[in-house]
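> please find the sequence and the predicted model below.
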Amino acid sequence: MKAAYDELPGVSVSRLRALGDITEEMKVATVKLGEYEFTVGLSLFRWPNGGSWSFFVCPCGRRARIIRLFEGGLACCRCLKARGLHARVELVRTERRAALLTPKRLERLKSEAPARLRPRPGRRLDRRANMELALRRSHIVVRRAKIARFEKDLGET
């Protein structure tokens, strides 16, 4: 199976900002990944309402929310894609992914647990309609894949 860049060690600038390790005023940060320690540039995006987001500056010069360790250096997801790695979900065909997600979606719909972290009072499952539509789409994709396989088998005989 191909390598997925999701499995590489990485650090999120959002996590470091939430922990207070990175502030708005900082221009560089020290990032420790395993036995390696790197100094990484930071970029700040300010919103008109006064809020802001921080980003790492990848060695390629682009902004990245997550930076990963690859072959002894740092790389953003675009650098990793250029080197032939993909996200884990990109490695699974659509019909296979739909077949994997269908049982999870069914279980979530049947569950008594709330879908939200902080559910609204009196609601068992917020966004139930969206979840049901996603489940229907999964069923349709799986059925289409079965039909395509059946037609392919008929064409070969």
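Arrived safely.

> counting neighbours, what do you get for the closest residue to residue 63 other than its chain neighbours?
Nearest non-adjacent residue to residue 63, counting by C-beta to C-beta, 6 or more residues apart in numbering: residue 55, 3.8 Å away. The C-beta positions use only the backbone N, C-alpha and C, and glycine is treated the same way. A count of nearby residues for residue 55, using other C-beta atoms under 10 Å, gives 19.

> okay, and residue 55 sits in which element?
For residue 55, the element it lies in under DSSP states H and E is strand 52-57.

> which strands border that strand, and is each parallel or antiparallel?
Note on strand 52-57: by DSSP bridges, its sheet partners are strand 36-46 (antiparallel), strand 63-64 (antiparallel).

> need these in CSV (columns: mean neighbour count, mean pLDDT and distance to residue 129).
Shown next, in CSV, are the strands paired with strand 52-57 (neighbours: other C-beta atoms under 10 Å; pLDDT from 0 to 100; distance: least, C-beta to C-beta, whole Å):
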stretch, mean neighbour count, mean pLDDT, distance to residue 129
strand 36-46, 13, 93, 34
strand 63-64, 20, 95, 35
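
> just list whatever residues bridge to the residue nearest to residue 63.
With DSSP bridges as the rule, residue 55 is bridged to residue 43.

> for it, list the residues it contacts.
Residues near residue 55 by C-beta atoms under 8 Å, 6 or more residues apart in numbering: 13, 42-45, 63-65.

> which two in the residues you listed are spaced the farthest apart?
The most widely separated members of the contacts of residue 55, counting by C-beta to C-beta, are 44 and 64 (13.8 Å).

> on that earlier part again, kindly indicate which of the contacts of residue 55 lies nearest residue 133.
Relative to residue 133, and with distances defined as C-beta to C-beta, the nearest of those is residue 65, at 28.7 Å.
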